[in-house]
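Asker: My questions concern the predicted model and sequence given below.
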Amino acid sequence: MAVWLFKSEPSEYSYADLERDGETVWDGVSNPLALQHLAQVRRGDQIYFYHTGKEKAVVGIMEAVADAMVDPNDPAGKLWVVRVRPVRRLSQPIPLTRFKAEPRCAQWELVRLPRLAVMPVPADIVQLLQGWEASSM
C-alpha cells in the first residue's frame, strides 16, 4: 500500500466538504508530474489531505476507494481521477513550517515543489507524520 499527499485549496474543496460528501472523485489535476503520481494510486492507498492557501497544513487522512482511472470527462484521455473517502481529521493540523524545519523533509516534493498537487509520501516521512500526530493527541 502506497501513501500519498493530495493538496486542495480549502475554498475550492476542503476536508470538511469531503466529510460532508462522504466520498468524492478527486479531479482537476493537470500538472504532468502530479498526473503521473495520481495514475499510480490504488484502492486502499492512504492519502494525506493538505489545505493550501493561507492554511498550508495537513489536516486529514483519506483513502482511495478505487484504483485511479482515466477521467471519463476528458475527451483527450490524458487526465486521471481517483475516488476517495474521508478516514479521519487530524486532531491538530500539521503545518508546512514543521516540514520545512525538519531536515529529513528537505528533499521531499512538499518542500521542494510547492505547487505540486499530488505526491508520494516516503516511508520515513510517514513515520514523522504519525509521530507528530501522536504527540498532538
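Answerer: Arrived safely, thanks for sending.

Asker: From here on, just use CA atoms for contacts and neighbour counts.
Answerer: Fine.

Asker: burial count for the closest residue to residue 8 other than its chain neighbours?
Answerer: Closest residue to residue 8 apart from its sequence neighbours, by C-alpha to C-alpha, 6 or more residues apart in numbering: residue 51 at 5.3 Å. Residues lying near residue 51 (other C-alpha atoms under 10 Å) number 24.

Asker: And residue 56, by the same measure?
Answerer: 18.

Asker: Repeat that for residue 37.
Answerer: Number of residues near residue 37 (other C-alpha under 10 Å) recorded here: 18.

Asker: ok so it is a helix residue?
Answerer: Yes: Residue 37 forms part of a helix when assessed by DSSP: H, G, I helix; E, B strand; the rest coil.

Asker: Please enumerate the strands of the protein.
Answerer: 3-8, 24-26, 46-51, 57-64, 69-70, 80-95, 118-120 (DSSP state E).

Asker: before we move on, the earlier item: measure the residue nearest to residue 8 to residue 19 for me?
Answerer: Distance, residue 51 to residue 19, by C-alpha to C-alpha, to the nearest Å: 14 Å.

Asker: before we move on, what about residue 82?
Answerer: 16 Å.

Asker: more neighbours, these two?
Answerer: Higher neighbour count among residue 82 and residue 19: residue 82, with 22 against 17, using other C-alpha under 10 Å.

Asker: Next up, the contacts around the more buried one.
Answerer: 25-27, 38, 41, 64-69 (C-alpha atoms under 8 Å, 6 or more residues apart in numbering).
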